[in-house]
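>>> Sequence first, then the predicted structure:
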Amino acid sequence: MTDGPDVNALSFEKALAELETIVAKLEGGNVPLEESIALYARGEALKARCDALLKDAEARVEKITLSADGRPAGTQPLDGE
């Protein structure tokens, strides 16, 4: 049951929803030890995916350029520093 889509292919929302499901199962305490270990490992991968997606989004937001009057004027490519 811990098999699922490739973590790296999940959107933030799907990864977070699956992570919340895993946390609920683990907190419930009704999961056999081997499944708990597999769930924990998948949860760690999902957490890392969410962290990476949030950092990417934060970097893109920081790249928004402002005009002279302080209004958003466009964006700069993330790579173009």
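Cool, got the structure. This one's a predicted model, so the numbers in the text were calculated from it and none came from an experiment.

>>> Quick check: which element contains residue 52?
Remark: residue 52 resides in helix 33-62, with elements defined by DSSP states H and E.

>>> How about that helix, which residues are buried there?
Of all the residues in helix 33-62, those buried under the rule 16 or more other CB atoms under 10 Å are 36, 38, 39, 42, 43, 45, 46, 47, 49, 50, 53. The way it works is simple: take the backbone N, C-alpha and C, and place the C-beta from them, glycine included.

>>> Report the separation between the last one and residue 26.
In this view, residue 53 and residue 26 are 22 Å apart by CB to CB, to the nearest Å.

>>> circling back to that earlier point, now do the helix holding residue 52: distance to the chain's middle.
On the basis of CA atoms, centre = their mean, to the nearest Å, helix 33-62 sits 5 Å off its chain's mean C-alpha point.

>>> so where's this protein uncertain?
For the chain, the stretches with pLDDT under 70 are 1-2, 65-68, 70, 72-81.

>>> and the residue nearest to residue 50 when sequence neighbours are not counted, helix, strand or coil?
The shortest distance from residue 50 to any non-neighbouring residue, by CB to CB, 6 or more residues apart in numbering, is to residue 15 (5.2 Å). Using DSSP: H, G, I helix; E, B strand; the rest coil, the structure places residue 15 in helix.

>>> Next, count neighbours for residue 15.
Neighbours of residue 15 under the rule other CB atoms under 10 Å: 23.
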